[in-house]
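What shape does this take:
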Amino acid sequence: MATRWRNIKMTAKIGVIGAGAWGTALAQSCASTNVQTIIWAREPEVVESINTKHENSVFLPAVDLNPSIKATESLTEASDCDILLIVTPAQHLRTILGSLKPDIADGNIPVVICSKGIEINTGKLLSEVVKEETPYADCAILTGPTFAAEIARGLPSAATIAASDLDKAKKLQYVLSSKTLRLYTSHDMIGAQIGGAVKNVIAIACGAIDGMHLGDSARAALITRGLAEMARLANAMGAKKETLMGMCGIGDLMLTCSSMQSRNFSLGSMLGQGKSLKEILSSRNSVTEGVHTAKALRLMAKNNAIDMPISEIVYKCLCENMPINEAVETLLDRPLKTEEH
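Numbering: from 1, shown residues only. Okay, here's the model as predicted:
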């Protein structure tokens, strides 16, 4: 495989669309392998900071970036590449695809979705949004247990690259892997996306457990039952449960549900401490995707006629102002059942 795609990696140019913390980290990872990397940001101050200070002082401060990374405000310039990594928030994906459509409509440029989430208004996976907006686009998914600051600093990590064509997934695996970011291939795009999206909602619940000081046993129970919800949804949508045993499932779930580095876990923790959702979100300059995903999951659970009690409770806490104490009591009062359900 190395011989087959060595020249592709040596000559590849990668465009990263979205200069938040995760987009910046991916650009850093690509640049570490001497791949030509350009990153698009809509904020002029981010472009200036990356190009002049070699730091994203807005979204990823105190991390020295590879000087070879070029930032631009021009989508046309950033999309003139061999591979595109789309790292904008999930709810903005349809809009950004509309702007990129002239450059990716023919399907010649692989489009790798690196955002995690589900479109609120439609309840659709991000790959489905790509299919609707750019039917001929060559789409893949990059997802897994990664924190942006750690990836950007070159700490070891692993993730999943999923594509419907496994050969294409292997090509992307080779080009996008670095010395410290190890990618595993999958052809289960649905499962990879479900794992990456649902874990954000479960992480909010686990954060609330942490904020209320209810203990590690309660958190472990939530993670385990959250994985069961994830598996039910995956099965209903035609994904493989085995996918969720990998990086994009249980790996991502374990990481996100156990660290204050996770925006979703930290939001849940603040809710558990009695802070309001409005208060928490107003103090942040980045998106906490689980808040949006909770709304979309409710629709997906209904559409697929499956029970997702943890996700439903998180939705009620975020959108219907259910008190955290009441939410915990509601989950504990559910009927006893076998572990297989």
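
For the rest of this, base every contact and every neighbour count on C-alpha atoms.
Will do.

other SSEs contacting the helix or strand where N200 lies?
Using DSSP states H and E, N200 sits within helix 189-211. Under the contact criterion of 3 or more Cα pairs under 8 Å, 6 or more residues apart in numbering; DSSP states H and E, helix 189-211 touches strand 138-143, strand 157-163, helix 216-236, helix 252-256, helix 263-272, helix 289-303, helix 309-319.

now the ones you listed as TSV including mean pLDDT and mean neighbour count?
Converted to TSV, those look like this (pLDDT from 0 to 100; neighbours: other Cα atoms under 10 Å):
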stretch	mean pLDDT	mean neighbour count
strand 138-143	96	26
strand 157-163	98	24
helix 216-236	96	19
helix 252-256	97	24
helix 263-272	97	26
helix 289-303	93	22
helix 309-319	97	21
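
By mean pLDDT, point me to the weakest helix or strand of this protein.
In the chain, no helix or strand scores lower on mean pLDDT, DSSP states H and E than helix 2-11, which sits at a mean of 58.

Let's check: the centremost residue of this protein is which one?
K116 (2.8 Å; Cα atoms, centre = their mean).

residue contacts, the nearest residue to S74 once chain neighbours are set aside?
Nearest non-adjacent residue to S74, counting by Cα to Cα, 6 or more residues apart in numbering: W40, 6.8 Å away. With contacts defined as Cα atoms under 8 Å, 6 or more residues apart in numbering, W40 is in contact with 15-19, 47, 71-75, 78.

Could you double-check that A205 sits in contact with E312?
No. Look at A205 against E312 with Cα atoms under 8 Å: they stay out of range, at 10.6 Å.

picking that back up, by contact count, what packs against the very next helix or strand once past the least confident helix or strand of the chain?
Counting by DSSP H and E, the next helix or strand C-terminal to helix 2-11 is strand 13-17. Other helices and strands packing on strand 13-17, by 3+ Cα pairs under 8 Å, 6+ apart, are helix 21-31, strand 36-40, helix 75-79, strand 83-86.

ok now the shortest one, how far from the chain's centre?
The chain centre lies 14 Å from the centre of strand 83-86; the measure is Cα atoms, centre = their mean, to the nearest Å.

residue ranges with poor pLDDT in the stretch 51-200 of the chain?
Within the stretch 51-200 of the chain, not a single segment meets pLDDT under 70.

Just the terminal-to-terminal distance for stretch 271-281.
11 Å (Cα to Cα, to the nearest Å).

Report the buried residues of it.
271-273, 277 (16 or more other Cα atoms under 10 Å).

Contact partners for P323?
Counting by Cα under 8 Å, 6+ apart, P323 has contacts C317.

Which pLDDT value goes with it?
On the pLDDT scale, P323 is placed at 96.

Distance check, it against L267.
Where L267 is concerned, P323 sits at a distance of 15 Å (Cα to Cα).

and what of L93?
23 Å.

likewise T146?
Taking Cα to Cα, one finds T146 at 18 Å from L267.

again, but for A205
9 Å.

any idea whether the residue nearest to G251 when sequence neighbours are not counted is helix, strand or coil?
The shortest distance from G251 to any non-neighbouring residue, by Cα to Cα, 6+ apart, is to P145 (5.6 Å). What DSSP: H, G, I helix; E, B strand; the rest coil gives for P145 is coil.

So what's the residue count around P145?
21 (other Cα atoms under 10 Å).

Could you report the neighbour count for V58?
V58: 17 neighbours (other Cα under 10 Å).

wait, is it part of a strand?
No. V58 sits outside any strand when classified using three-state DSSP, being coil.

Check whether it really touches V47, as I assumed.
No. Counting by Cα under 8 Å, V47 is not a contact partner of V58; they are 10.1 Å apart.

next one: stretch 201-219 to chain centre, how far?
With Cα atoms, centre = their mean, you get 21 Å for stretch 201-219.

Check stretch 116-131 too.
On Cα atoms, centre = their mean, the centre of stretch 116-131 falls 12 Å from the chain's centre.

Mind listing residues that contact that stretch?
89-91, 93-94, 97, 113, 137, 139-141, 143, 189-190, 193, 196-198, 289-290, 292-293, 295-297, 299-300.

Buried ones in it, by neighbour count?
So stretch 116-131, judged by 16+ other Cα under 10 Å, has buried residues 116-120, 123-130.
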